[in-house]
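**Q** build me a structure from this.
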Amino acid sequence: MKSLMVQGAKILATGSAIPSSKLSNHQMSKIVETSDEWIFTRTGIKERRLLEGADQSLIDLAVSASKKALNKITMDPSKIDLIILATSSPNDLFGSASKIQCQIGATNAVAFDLTAACSGFVLGLVTASQFLQNNTYSNILVIGADVLSKWVDWSDRSTCILFGDAAGAALLQSCSIVDNSILNFQLNTDGNYAQHLSINYGKERLVHPHLNLYQGSFKYIYMNGKEVYKFAVFQVPLSILKCLHSSNISIEEVDWLLLHQANERILNAIREKLSISSDKIISNLRNYGNTSAASIPLALDETIQEGKILRNDLIVIAGFGAGLTWGTIIIRW
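**A** A predicted model of the protein is given here:
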């Protein structure tokens, strides 16, 4: 039996993957009545990446992101103990994590899906850190991946302009408590507002009237943009400040703020409420749109590849979205 001695947790490597197909705002204007200026001024998005046809899937993106993370530290995938896939758009409603486990060769890993929409990757990191800090597992792969382009109504201008497809992954490992890099977290859920952002179960279709048999389906993404904006701008800064305060860290000590890439207006409003400099904000929303659970690991991996994040930098990461759920995690790089 493993010891219950508390350990630390640290991120060893990251990886990300995006589809090759781009859909620009100009191309979007051929689908719905809109324009590049209208979209960009309201969202900060210029283009998004989309999976093409039935030959590409969420699993392909997740596998690619995972292999990139593994290759950066030359880790044998059989060393992975647990895989957590944060997604709201799996290939299979029974779960897609096990297929990723198979394709990357993580033969010894337990694998499961975690559904928390745009907050999914933050909840995945927190879940992984608990397993590591309690010495249950030693190496955990956390993946954030979504292909919400498959679930948008392409006639709804308020939502189809926002979403793109991507995947990001992070390898976490247990370490001595002295080297712990997961400093603190803060999570919340308020189901009273769940109706403002959802993919609801659709109407059931009667398939046999005499036996009273029905077959169901899911609807497209629905979002009440005004309510989601108000929720994010009010709750996310409170979560961040509460997490910092309980860690005895001031906002001035923060080197990087990485928010879920939902909308430029939301990012700017949160930044202003926190009185944090714009040069500390990590954002790639312009190029990818809202990639849901993939947005945070995708932006993190790109920023690391650019050499911007340095050892001992303090990173505050906050996710928010459907549920409604939101959460903050503080990392010392």
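
**Q** pull the contacting residues for S158.
**A** Neighbouring residues of S158 by CB atoms under 8 Å, 6 or more residues apart in numbering: M223, G225. In this view, the C-beta of every residue, glycine as well, is placed from N, C-alpha and C.

**Q** in which helix or strand would I find it?
**A** helix 157-160 (DSSP states H and E).

**Q** strand partners of the helix or strand immediately after that helix in the chain, parallel vs antiparallel please.
**A** Counting by DSSP H and E, the next helix or strand C-terminal to helix 157-160 is strand 165-175. In the sheet, strand 165-175 lines up against strand 8-17 (antiparallel), strand 139-147 (antiparallel) (DSSP bridges).

**Q** ok, residues contacting the next helix or strand after the first one?
**A** Pointing back at strand 8-17 there. Downstream of strand 8-17, the first helix or strand assigned by DSSP H and E is strand 21-24. Applying CB under 8 Å, 6+ apart, the contact partners of strand 21-24 are D36, K46, E47, R48, R49, L50, L51, E52, G164.

**Q** so among those residues, where is pLDDT lowest?
**A** Across the set of those, E52 stands lowest in pLDDT, at 84.

**Q** from D165, how far off is the closest residue to that one other than its chain neighbours?
**A** Using CB to CB, 6 or more residues apart in numbering and skipping residues adjacent in sequence, the residue nearest E52 is S21, 4.9 Å away. Going from S21 to D165 by CB to CB, to the nearest Å gives 9 Å.

**Q** now the common contact residues for these two.
**A** Common contacts of S21 and D165 (CB under 8 Å, 6+ apart): R49, L50, L51.

**Q** does the second one touch I18 like I think?
**A** No. At 9.7 Å, L50 and I18 do not qualify as touching, with contact defined as CB atoms under 8 Å.

**Q** okay, and the common contacts of these two?
**A** Contacts common to L50 and I18, judged by CB under 8 Å, 6+ apart, are D165.

**Q** A helix includes F185, no?
**A** No. F185: not assigned to a helix; according to DSSP: H, G, I helix; E, B strand; the rest coil it is strand.

**Q** so what's it up against?
**A** By CB under 8 Å, 6+ apart, the contact list for F185 reads V122, L125, V126, S129, C243, G327, T328, I329, I330.

**Q** look at the second one and give its secondary structure.
**A** So that's L125. Put simply, L125 is helix when judged by three-state DSSP.

**Q** just to check, it is in contact with A170?
**A** Yes. Look at L125 against A170 with CB under 8 Å: they come within range, at 7.1 Å.

**Q** and for those two, which residues touch both?
**A** V142.

**Q** picking that back up, got the CA positions of the helix holding S158 in CSV?
**A** Provided in CSV are the C-alpha atoms of helix 157-160 (Å, rounded to 0.1, in the frame of the first residue of the first chain):
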residue,chain,number,x,y,z
ARG,A,157,-24.8,34.5,-35.4
SER,A,158,-24.6,35.0,-31.6
THR,A,159,-22.8,31.6,-31.1
CYS,A,160,-21.4,30.2,-34.4
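
**Q** ok, the residue located most distally from the centre of the chain to K203 distance?
**A** Ranked by distance from the centre of the chain (CA atoms, centre = their mean), the top residue is H210, with 45.0 Å. Distance from H210 to K203, counting by CB to CB: 20 Å.

**Q** one more: S89?
**A** 21 Å.

**Q** between the two, who's got more neighbours?
**A** S89 (22 against 9; other CB atoms under 10 Å).
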